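Student: quick one: sequence and predicted model below, then my questions.
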Amino acid sequence: MIRVRFAPSPTGNLHIGGARTALFNWLYARAKSGKFILRIEDTDSVRSKQEFVEEILNSLSWLGFNWDEIYYQSKRFDIYNEYAHKLLNEGKAYQEKAIGKSGEAIIFKVPQQKIKIQDLIRGGIEFDTALIKDQVLIKSDGTPTYNFACVVDDAAMQITHVIRGDDHISNTPKQALLYEALGFTVPEFAHLPLIMGIEGGRLSKRTGATAISDYRKMGYLAPALVNYLLLLSWAPGNNVEVIDINEAIKLFDVTQVNRTSATFDLKKLDWISNQYLKNADPEKLLEELLPLLKAKKYIGEDGFDRDYILKLVKLFQARLAHLNDFVDWADFFFVQELKISPEAEKKFLAQDLSGEFRLFIEKLDKLGKFDILSIEEGFRELVKELNIESKALIHPIRVALTGKTIGPGLFEVIYYLGKDRTKERLSHWIKGER
RNA sequence: GACCCCGUCGUCUAGCCUGGUCCAGGACAAGAGCUUUUCAAGCUCUCGACACGGGUUCAAAUCCCGUCGGGGUCACCA
């Protein structure tokens, strides 16, 4: 049985890099019908915070990476001590008192030898352990160091494949030595390339948001984010890019992961996000959107017209890159006081269109039916009578109704805005009626 | 600095293991155009890469060596 683990340290939020590591572990477990284990590495009591544990767990759940088992290293200090003393008794480790520290640390005598690590992604990697100094196993305060706790736990939890970031390659020989010293079998290793920021170097806060919760707040759908992460250092093949997670599970194999580090590209994430949004079930989108609309006070806690909003969602759906885009772009359907962008007003409403607007209102009043098609017919008639280009009137009307120069087709906008609100907003620009 | 990893369009990648079908394919971005209504949707087109040098071979993006470049690690942090 394949057993993999994701082992975050709760000293910060779950970030993009960690999420990608979690994803590949989770995928591999699901692909091989194995177990995905979560291990919270909270041995550093000063830097570890309960709020981060919760944040990490929430983010993983949101992304859909369900775990089969969970462990906390802070509850396993006895086990680490037991093994450290075993090495001490066998003469493979020694105790030492550091200057300025009270207790004694237990330190591993690193054997000098050449050691070869087999990596599922990179092949064999050789190290000369003569270059590695003796490693602290248990610190003077009685807590274990990362490399030691990691080895003891991976063995105890029967981890078969250690899939982790590239930055752990140099930890691997140290850990391999510990496996040997403790008489444990060495697991398989797969080191994932790191995700880089646009300016090179590790992805950091300077290059943009790194916390998964931030992406959630920005209005990305979890499956879209996961899909994008999947494409960083791995490709499903056959030029497929937008892929269902269940399909990915069937195709995924760690050994096919790239060796080259990938740069995080927000533009591509946005494109993927749009692909998911436009194909999403409008009902489900509506459910995600309602809380955002309520937060903006665009609708009340209840008593809103659900079907109406659903139609608006469908109107904008194909254009959205984030859930929030709907809130920003469809605002004119919800507010009383229309906010008109100064640039838009300057561009399309600088000249007096009182006559045109008045005539258009008359057309709307004379319409037999107030539906999208009839509105367009009425408009086309007017334009013909006035002998002007459609766009000479379409753009000013759009700005007067929506406050924006961009948006869905004008006749749909008018239809969903309704006759009364359309007339009211147009009247605002008719001299003598303000 | 030492050690380790990596090097195909600006970015993500296919191809590399099993040399020829690759004057290198796809996607994002960018640019141009179409959609007698915008674009932030759709369609069409364009631009654009095997880091460099040597070697092996009839033949190299693919194999070997070197150089250069990028990254990572060198804690009683994880």
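Tutor: Good, I have the coordinates. Quick caveat: nothing in here was measured; it's all calculated off a predicted structure.

Student: use CA for all of it now, contacts and neighbours both
Tutor: OK.

Student: can you give the domain ranges for chain A?
Tutor: Domain assignment for chain A by automatic domain parsing gives A:3-73+A:194-269, A:76-192, A:280-333, A:342-427.

Student: make CSV from these and add mean pLDDT and mean neighbour count to it.
Tutor: Listed next are those as CSV, based on pLDDT from 0 to 100; neighbours: other C-alpha atoms under 10 Å:
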stretch, mean pLDDT, mean neighbour count
domain A:3-73+A:194-269, 95, 18
domain A:76-192, 96, 17
domain A:280-333, 96, 16
domain A:342-427, 94, 16
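
Student: for the stretch 1-150 of chain A, what spans make up the helices?
Tutor: Taking DSSP state H, counting those that start in this stretch, the helices of the stretch 1-150 of chain A run over residues A:16-31, A:50-63, A:77-89, A:146-156.

Student: can you tell me the SS state at the residue of the stretch 151-300 of chain A found nearest RNA strand B?
Tutor: As assessed by C-alpha to the nearest atom of the strand, RNA strand B sits closest to residue A:233 within the stretch 151-300 of chain A, at 2.6 Å. Per DSSP: H, G, I helix; E, B strand; the rest coil, the local secondary structure of residue A:233 is coil.

Student: would you turn the helices of the stretch 1-150 of chain A into a markdown table with distance to RNA strand B?
Tutor: Output for these, formatted as a markdown table (distance: least, C-alpha to the nearest atom of the strand, whole Å):
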| stretch | distance to RNA strand B |
| --- | --- |
| helix A:16-31 | 11 |
| helix A:50-63 | 12 |
| helix A:77-89 | 11 |
| helix A:146-156 | 4 |
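
Student: so where do the strands sit in chain A?
Tutor: A:3-6, A:35-40, A:69-72, A:93-96, A:105-108, A:114-119, A:123-128, A:135-138, A:161-165, A:188-192, A:195-196, A:262-263 (DSSP state E).

Student: JSON lines please, covering those strands and showing distance to RNA strand B.
Tutor: Shown next, in JSON lines, are the strands of chain A (distance: least, C-alpha to the nearest atom of the strand, whole Å):
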{"stretch": "strand A:3-6", "distance to RNA strand B": "11"}
{"stretch": "strand A:35-40", "distance to RNA strand B": "8"}
{"stretch": "strand A:69-72", "distance to RNA strand B": "10"}
{"stretch": "strand A:93-96", "distance to RNA strand B": "6"}
{"stretch": "strand A:105-108", "distance to RNA strand B": "5"}
{"stretch": "strand A:114-119", "distance to RNA strand B": "9"}
{"stretch": "strand A:123-128", "distance to RNA strand B": "4"}
{"stretch": "strand A:135-138", "distance to RNA strand B": "5"}
{"stretch": "strand A:161-165", "distance to RNA strand B": "8"}
{"stretch": "strand A:188-192", "distance to RNA strand B": "8"}
{"stretch": "strand A:195-196", "distance to RNA strand B": "7"}
{"stretch": "strand A:262-263", "distance to RNA strand B": "4"}
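
Student: for these, give me TSV that also has distance to residue A:391.
Tutor: As requested, the strands of chain A are exported to TSV (distance: least, C-alpha to C-alpha, whole Å):
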stretch	distance to residue A:391
strand A:3-6	57
strand A:35-40	58
strand A:69-72	61
strand A:93-96	82
strand A:105-108	78
strand A:114-119	62
strand A:123-128	63
strand A:135-138	74
strand A:161-165	55
strand A:188-192	53
strand A:195-196	45
strand A:262-263	42
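
Student: mind checking which of the ones you listed is nearest residue A:374?
Tutor: Nearest of the strands of chain A to residue A:374, taken as C-alpha to C-alpha: strand A:262-263 at 50.3 Å.

Student: just checking, what packs against that closest one?
Tutor: With contacts defined as 3 or more C-alpha pairs under 8 Å, 6 or more residues apart in numbering; DSSP states H and E, the packing partners of strand A:262-263 are strand A:195-196.

Student: contact partners for residue A:174?
Tutor: Residues near residue A:174 by C-alpha atoms under 8 Å, 6 or more residues apart in numbering: A:129, A:132, A:147.

Student: can you pull the contacts of the first one?
Tutor: The one in question is residue A:129. Shown in contact with residue A:129 (C-alpha under 8 Å, 6+ apart): A:110, A:111, A:112, A:113, A:114, A:115, A:173, A:174.

Student: so which of the residues you listed comes closest to residue A:270?
Tutor: Minimum distance to residue A:270 across the contacts of residue A:129 is 39.7 Å, recorded for residue A:173 (C-alpha to C-alpha).

Student: do I have it right that the closest one meets residue A:114?
Tutor: No. Here residue A:173 lies out of contact with residue A:114, judged by C-alpha atoms under 8 Å, at a distance of 9.5 Å.

Student: what touches both of these two?
Tutor: Common neighbours of residue A:173 and residue A:114, counting by C-alpha under 8 Å, 6+ apart, are A:127, A:129.

Student: hang on, the earlier thing: which one, of the helices of the stretch 1-150 of chain A, ends up nearest to residue A:336?
Tutor: helix A:50-63 (35.2 Å).

Student: which strands or helices does that closest one pack on?
Tutor: Short answer (3+ C-alpha pairs under 8 Å, 6+ apart): helix A:50-63 packs on helix A:212-217, helix A:222-230.

Student: how big is the angle separating that helix from helix A:16-31?
Tutor: Computed by axes from the mean of the first three to the mean of the last three C-alpha atoms, to 10 degrees, the angle separating helix A:50-63 from helix A:16-31 equals 50 degrees.

Student: re earlier: for residue A:429, find the nearest of the strands of chain A.
Tutor: Judging these by C-alpha to C-alpha, what sits closest to residue A:429 is strand A:262-263, at 49.3 Å.

Student: residues contacting that closest one, please?
Tutor: Residues from elsewhere that reach strand A:262-263 (C-alpha under 8 Å, 6+ apart): A:193, A:194, A:195, A:196, A:197, A:198, A:200, A:232, A:233.

Student: so the second one touches residue A:164, yeah?
Tutor: Meaning residue A:194. No. Counting by C-alpha under 8 Å, residue A:194 stays clear of residue A:164, with 9.6 Å between them.

Student: what do those two both touch?
Tutor: By C-alpha under 8 Å, 6+ apart, no residue touches both residue A:194 and residue A:164.

Student: gap between the residue of the stretch 151-300 of chain A closest to RNA strand B and residue A:260?
Tutor: Using C-alpha to C-alpha, to the nearest Å, one obtains 7 Å as the distance from residue A:233 to residue A:260.
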